[in-house]
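In: Attaching a predicted model along with its sequence, questions to come.
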Amino acid sequence: MQIRLDGQVALVTGASSGIGQGCARALADSGAAVAINYNSQAEPAERLAAEIVAAGGKALAIGADVSDEQAVQRMFQQILEAFGHLDILLANSGMQKDAPSAELSLDDWNAVLNVNLTGQFLCAREAIRIFQRQGVRSGVSRAAGKIIHMSSVHERIPWAGHVNYAASKGGVDMLMRTLAQELSGQRIRINGVAPGAIRTAINTDTTAGEEGERLLDLIPYGRIGDVEDVANAVVWLASDASDYVVGETLFVDGGMSLYPGFRDNG
């Protein structure tokens, strides 16, 4: 089955690197025009936008801190001015500031919650407002709009030493499901994706060599994931192929969330 998103506009937050960048590229490859959000890394976002345009697609790099309400509102206004509408939001921006709980500062707690949870709410709220105004665009999509919240296996699996990150992802799960319950009757379709161990340029120290071998003990499927594994799930959730999927989190984790340590009865 070939999935196409022709005529649709997607916003991917945190798309200057890693999973966000891969998802933005996959959405563009499927025919969507893509707004590529970045916070501090303008050059890779602008380079990706240029690559998409050079390949015949439509793309725009937009800088905005997703934890800043006014910056988020300006970003969505720029998208409407550039493309006229919005059909897909991938709320992907995220960060980590790790420390043992007794040593974690309030500033680092707030920084992670502000980006990972409040940032997803602010972006979802603006997208919802647009979807409510534009309604279902006949011949483009069966939904008035689609929101995909990027979570993590740590919405389910506790993670010692990362309490702010795990708490933010647990919050993303309930944010997603509550919004889906509230808005699905308006044909606004909201779901989540929870990646496990995914190999990216910034985490090679934990996914390669001896560290990578140890990581495989946590992955029943026996391999570390690639960005494309997550991007494929995002494109499917953004398309009408998943039109009857509402309020669900798709775990893309090779089975990590199955607690493989208990395979031999603990």
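Out: Arrived safely, thanks for sending. Numbers count the residues shown, from 1 in each chain.

In: Which elements pack onto the lengthiest helix in the chain?
Out: Longest helix in the chain by number of residues (criterion: DSSP state H): helix 163-183. Contacting helix 163-183 under the criterion 3 or more CB pairs under 8 Å, 6 or more residues apart in numbering; DSSP states H and E are the following elements: helix 106-113, helix 119-134, strand 145-150, strand 188-195. (C-beta placed from N, C-alpha, C; glycine too.)

In: Now do the shortest one against strand 188-195: the angle between them, please.
Out: Pointing back at strand 145-150 there. 20 degrees (axes from the mean of the first three to the mean of the last three CA atoms, to 10 degrees).

In: Next up, the contacts around the residue nearest to residue 145 when sequence neighbours are not counted.
Out: Ranked by CB to CB, 6 or more residues apart in numbering and with sequence neighbours excluded, the top spatial neighbour of residue 145 is residue 131, at 3.2 Å. Residues in contact with residue 131, defined by CB atoms under 8 Å, 6 or more residues apart in numbering, are 86, 144-145, 186, 188.

In: In ChimeraX, how would I select the buried members of these?
Out: Buried residues among those (16 or more other CB atoms under 10 Å), as a ChimeraX selection:
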select :86,144,145,188
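
In: how about the contacts of residue 131 in a markdown table, adding distance to residue 197 and pLDDT?
Out: Putting the contacts of residue 131 into a markdown table (distance: CB to CB, whole Å; pLDDT from 0 to 100) gives the following:
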| residue | distance to residue 197 | pLDDT |
| --- | --- | --- |
| 86 | 32 | 98 |
| 144 | 35 | 98 |
| 145 | 31 | 98 |
| 186 | 36 | 98 |
| 188 | 31 | 98 |
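
In: hmm, which two among the contacts of residue 131 are most spread apart?
Out: 86 and 186 (15.0 Å; CB to CB).

In: Report the inter-axis angle for the helix or strand encompassing residue 228 versus strand 145-150.
Out: Residue 228 is part of helix 227-238 when elements are defined by DSSP states H and E. Angle, helix 227-238 to strand 145-150, by the same axes, to 10 degrees: 150 degrees.

In: can you list the residues that contact helix 227-238?
Out: With CB under 8 Å, 6+ apart as the test, helix 227-238 has contacts from 3, 5, 8, 10, 18-19, 21-23, 25-27, 30, 32, 88, 90, 146, 148, 191, 193, 195, 198-200, 242, 245, 250, 252.

In: Now restrict those to buried residues only.
Out: Buried among the contacts of helix 227-238 by 16+ other CB under 10 Å: 3, 5, 8, 10, 18-19, 21-23, 25-27, 30, 32, 88, 90, 146, 148, 191, 193, 195, 198-200, 242, 250, 252.

In: just for the stretch 151-266 of the chain, where's the confidence low?
Out: 266 (pLDDT under 70).

In: closest to residue 161 out of the helices and strands packed on helix 163-183?
Out: helix 106-113 (12.2 Å).

In: Which strands or helices does the closest one pack on?
Out: Taking 3+ CB pairs under 8 Å, 6+ apart as contact, the helices and strands that helix 106-113 lies on are helix 163-183.

In: and the helix it packs on, which residues are buried?
Out: Neighbour-count burial for helix 163-183 [16+ other CB under 10 Å]: 163-173, 175-177, 179-180, 183.

In: quick one: it to strand 145-150, angle?
Out: Interaxial angle of helix 163-183 relative to strand 145-150 (the same axes, to 10 degrees): 160 degrees.

In: Just the angle for helix 163-183 relative to helix 119-134, thanks.
Out: Using the same axes, to 10 degrees: helix 163-183 against helix 119-134 is 20 degrees.

In: Quick one: residues in contact with helix 163-183.
Out: 94, 96-98, 101, 104, 108-109, 112-113, 116-117, 120-121, 124, 128, 147, 149-152, 154-159, 189-192, 194, 246-247, 249.
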